[in-house]
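Novice: quick one: sequence plus predicted model below, questions after.
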Amino acid sequence: MSLLLMILGAAIASVLVAILIVKFLPLKLRWMASVLLLILAIFLGYQIYNGIMEPIKFAKVKVERYKPVIKSLKIIRDAQMKYYEVNGNYTKDKEALIKFVDTAQLAITETKTIVEKVNRGGGIIIDVEKRVTDTIGYEPVLNYFENKDYKNMWDVPGVAGKQFEVEVGTVEKVAGLVVPTFYVKTSKKDILDGLSPSLVKQELEAIEADQIKGEFVSVGSLDEVSTGGNWPPSYDKGDAVKKD
């Protein structure tokens, strides 16, 4: 809208200046007006070019700033999920989660089918298959975080002195079944600091499917059972390539 107003204003200004030149400016001085019009045209052209390019540059810069933030959120999510495997809940203690990754062990289990003989009475004995799960060993949680900067996972990349906010809670998934939840977030406004205020305002109000919706970059939820992030699939393409 601002770009359209700029173009409209430039057109009106040019027409008015042309009328003033024809009506009031002596013929011998019109060369000066031509120079001024040329300067004005260059200035307006530059402004229009900036008006077109600024949103394009903003879109590129915001993606580059979001990427490392999302990478850290994925590490936090992975750590919380491993913590849940061992403890049956999530934690909001940041240092405890780092220590957990450093020291905790995950049980390695094996499930097999065995056949048991069951006496049904009256001398009737039948074979019944039964699935049994045994713990056959343990492995360090740390194995899952190789080449991941989990020790600094709570620091928001690119925002000095800022850490992710974390909350934990529970949700009643079905009647009588209460499930732990977690939610980690950081403000998009802090990440985009220094960029165009008007474009940042638009970004905070984003609701499109291919955008990070709302005012925060986040993972998890306190309102539903979810470990997903609020970013679009385009930010996960690198992970898909690594898995392949």
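Specialist: Everything's here; your move. Not measured: the values here are computed from a predicted model.
Novice: strands of this protein, start to end?
Specialist: Taking DSSP state E as the test, the strands found in the chain are 105-121, 124-140, 165-174, 177-187, 216-220.
Novice: measure residue 168 to residue 192 for me?
Specialist: From residue 168 over to residue 192 the distance is 28 Å, taken as CB to CB, to the nearest Å. Just so you know, the C-beta spots here come from the backbone N, C-alpha and C atoms, and that holds for glycine as well.
Novice: pick out whichever of those two has more residues nearby.
Specialist: A direct count of neighbours by other CB atoms under 10 Å for residue 168 and residue 192 places residue 192 higher, at 21 against 17.
Novice: in the protein, which helix is the longest?
Specialist: helix 30-87 (DSSP state H).
Novice: list the contacts of stretch 133-144.
Specialist: Stretch 133-144 has contacts (CB atoms under 8 Å, 6 or more residues apart in numbering) with 78, 82, 86, 100-112.
Novice: buried set for it?
Specialist: By neighbour count with 16 or more other CB atoms under 10 Å, stretch 133-144 contains the buried residues 141-142.
Novice: least confident secondary structure element in the protein?
Specialist: Every helix and strand of the chain was ranked by mean pLDDT, DSSP states H and E. The lowest is helix 237-243, at a mean of 61.
Novice: where in the chain is pLDDT low?
Specialist: For the chain, the stretches flagged by pLDDT under 70 are 1-11, 13-15, 17-34, 37, 46-47, 49-51, 238-244.
Novice: any idea how it splits into domains?
Specialist: 2-52, 61-103+143-243 (automatic domain parsing).
Novice: out of the ones you listed, which one sits most buried?
Specialist: Ranked by mean neighbour count, the domains of the chain are led by domain 61-103+143-243 with a mean of 15 (mean count of other CB atoms under 10 Å).
Novice: alpha carbons of stretch 72-79, as PDB, please.
Specialist: C-alpha atoms of stretch 72-79 as PDB (Å, rounded to 0.1, in the frame of the first residue of the first chain):
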ATOM      1  CA  SER A  72      17.900 -24.900  19.000                       C
ATOM      2  CA  LEU A  73      14.200 -25.500  19.600                       C
ATOM      3  CA  LYS A  74      14.500 -28.900  17.900                       C
ATOM      4  CA  ILE A  75      17.400 -29.800  20.200                       C
ATOM      5  CA  ILE A  76      15.300 -28.800  23.300                       C
ATOM      6  CA  ARG A  77      12.400 -30.800  22.000                       C
ATOM      7  CA  ASP A  78      14.600 -33.900  21.500                       C
ATOM      8  CA  ALA A  79      16.000 -33.500  25.000                       C
END
